[in-house]
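Have a look; sequence and predicted model below, questions after that.
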Amino acid sequence: MGRPRKARESDIEEVALALPRAVMVAGWGGLPSYRVSGRFFVGYRTPRPDAVDAESGERLTDVVVFRVPDEGDKLALVQGDGPFFTTPHFDGHASVLLRLAHLGRLSRDELAEVIVDAWRSQAAPTVVGRWEAERRDG
């Protein structure tokens, strides 16, 4: 068995839109945002003063936001050895950030897990339950 494939930017859209009731809409600055039943679960973020490159001081232009189920999940992702981070702007908000430049540090499966968890945290429980039952039975 080979090594897991590294995550690619195209995986974000592919995984997000494969989930029930997920749609892509224009989000921050017209950038892609993925919603389920009108609720945001993942999307690209415009450059902001709270997220800057440590070396250049320039605002990051490649940030993706992922909803997470709760603060515990957020802390696990941010404090883990993965590429996720947060900024003071997101204090108290159940979301984590990821630079596209660091996306390849995740496997496609790891990225998919974060996207699915984001979707689960925002989708209606009946939609999630039906989707999980189909996966179990299928």
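Noted; the coordinates are in hand.

what secondary structure does the most centrally placed residue in the chain sit in?
Taking C-alpha atoms, centre = their mean, the centroid of the chain lies closest to residue 66, which sits 3.0 Å from it. With DSSP: H, G, I helix; E, B strand; the rest coil as the basis, residue 66 sits in strand.

same deal with the one 3 residues further on?
Applying three-state DSSP to residue 69 yields a three-state assignment of coil.

circling back to that earlier point, distance of the residue nearest to the centre of the chain relative to residue 113?
Distance from residue 66 to residue 113, counting by C-beta to C-beta, to the nearest Å: 11 Å. Quick note: C-beta positions are derived from backbone N, CA and C, even for glycine.

Out of the helices and strands in this structure, which is least certain?
When the helices and strands of the chain are scored by mean pLDDT, DSSP states H and E, helix 125-137 comes last with a mean of 91.

Which residues are in contact with the residue nearest to the centre of the chain?
Taking C-beta atoms under 8 Å, 6 or more residues apart in numbering as the criterion, residue 66 is in contact with 41-42, 84, 95-98, 114-115, 118.

who does the helix or strand hosting residue 34 pair up with?
Assigning secondary structure by DSSP states H and E places residue 34 in strand 32-36. For strand 32-36, the pairing partners within the sheet under DSSP bridges are strand 22-26 (antiparallel), strand 39-45 (antiparallel).

Indicate which one of the ones you listed is closest to residue 3.
Set against residue 3 and scored by C-beta to C-beta, the strands paired with strand 32-36 come closest in strand 39-45, at 25.1 Å.

Let me see the mean pLDDT of the closest one.
Averaged across strand 39-45, the pLDDT comes to 96.

Count the neighbours of the closest residue to residue 43 other than its chain neighbours for me.
In space, and not counting its chain neighbours, residue 43 is closest to residue 33: 3.3 Å by C-beta to C-beta, 6 or more residues apart in numbering. In terms of burial, residue 33 registers 19 neighbours under the definition other C-beta atoms under 10 Å.
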